[in-house]
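Trainee: Sequence below, structure please.
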Amino acid sequence: MLTATAGAFGYGLWQRHRRHLEARKLDEARERTQELQAEVGKFIAQVEALNRDGLTGLLTRDQWESEAAVLLARGQAQAMLWIDLDRFKDVNSTFGHLAGNAVLAEIGKRLRTRDDGSLAGRFGGDEFVMILPYQPAAAALEQISEQLCTPITVTTPLDPTPKTVTPSASIGVALWSTAAPPGVPPLLDLSDRAMRVAKKSGGCVTMTHRA
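Mentor: Below is the predicted model of the structure:
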């Protein structure tokens with residue numbers, strides 16, 4: 001009788017010990033899974049950061065061209081815009097480069113936070129590009145221009161006095177009507193040429209060229 005009781009007691013202890021080990025292993029596995037998820041999240045964030053312009057938060061040129069090509073191939077792109085800020089050097093020379101950077105950052109934010117399905121990127125300096133999933137009417141292009149040209153209040157660490165800068169932008173638009181759209185390079189060339197025509201017209205102008 002005592003032997004059976006002792007055996008049952010020992011078996012119970014072994015069962016509790018086994019359950020404790022299993023629970024500890026499960027906790028360790030959960031912790032490791034969380035660590036791996038955190039590491040993956042950091043890696044994704046690092047990759048995303050490499051694909052983003054540090055000042056404006058927009059896609060870099062290479063990344064934008066890659067994503068724009070995918071949208072074109074899927075038939076999800078209907079217009080390409082090349083945006084060049086007018087007389088931006090005057091902002092830098094008048095208010096300083098820090099103020100100029102603040103203006104660029106705000107322009108990037110305005111392009112980045114549009115809710116029309118557009119894809120925006122910075123091509124360097126004061127030049128930006130956009131892909132639209134629709135062919136914009138004159139009113140839509142005017143709205144984009146007005147959004148970009150809304151006055152911006154800037155301050156800098158060296159000069160905290162608020163200053164108002166009113167941007168101006170020349171916009172070149174490339175449109176196409178064929179079922180098989182041109183590739184990214186010819187559309188960039190077309191929108192760039194349209195932008196240069198707008199620039200020669202005095203700035204703050206939108207010109208459209210068709211492929």
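Trainee: where along the chain do the helices fall?
Mentor: 2-50, 61-73, 88-95, 97-112, 138-148, 184-200 (DSSP state H).
Trainee: give the contact list for the residue nearest to R61 when sequence neighbours are not counted.
Mentor: Counting by Cβ to Cβ, 6 or more residues apart in numbering, F123 is the residue found nearest to R61 once chain neighbours are left out, at 5.1 Å. Where you see a C-beta, it was placed from the backbone N, CA and C, and this is true even at glycine. Taking Cβ atoms under 8 Å, 6 or more residues apart in numbering, we find F123 in contact with R61, W64, V129.
Trainee: Serialize the helices of the chain to CSV and add fields for mean neighbour count.
Mentor: Output for the helices of the chain, formatted as CSV (neighbours: other Cβ atoms under 10 Å):
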stretch, mean neighbour count
helix 2-50, 10
helix 61-73, 16
helix 88-95, 15
helix 97-112, 19
helix 138-148, 14
helix 184-200, 19
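Trainee: Reformat those as CSV; add distance to S168 and mean pLDDT.
Mentor: Listed next are these as CSV, based on distance: least, Cβ to Cβ, whole Å; pLDDT from 0 to 100:
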stretch, distance to S168, mean pLDDT
helix 2-50, 31, 66
helix 61-73, 23, 96
helix 88-95, 9, 92
helix 97-112, 11, 95
helix 138-148, 8, 92
helix 184-200, 11, 94
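Trainee: Tabulate those helices (JSON lines), appending distance to V165.
Mentor: Formatted as JSON lines, the helices of the chain follow (distance: least, Cβ to Cβ, whole Å):
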{"stretch": "helix 2-50", "distance to V165": "28"}
{"stretch": "helix 61-73", "distance to V165": "25"}
{"stretch": "helix 88-95", "distance to V165": "6"}
{"stretch": "helix 97-112", "distance to V165": "5"}
{"stretch": "helix 138-148", "distance to V165": "12"}
{"stretch": "helix 184-200", "distance to V165": "19"}
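Trainee: Could you pull up phi and psi at the residue positioned nearest the centre of the chain?
Mentor: Centroid-nearest residue in the chain: L58, 3.9 Å away (criterion: Cα atoms, centre = their mean). The phi and psi values for L58, taken as degrees, to the nearest 10, are phi -80, psi 170.
Trainee: doesn't R112 make contact with it?
Mentor: Yes - in this structure, L58 is within contact of R112 by Cβ atoms under 8 Å, at 5.8 Å.
Trainee: any residues in contact with both of these two?
Mentor: With Cβ under 8 Å, 6+ apart, L58 and R112 have common neighbours A120.
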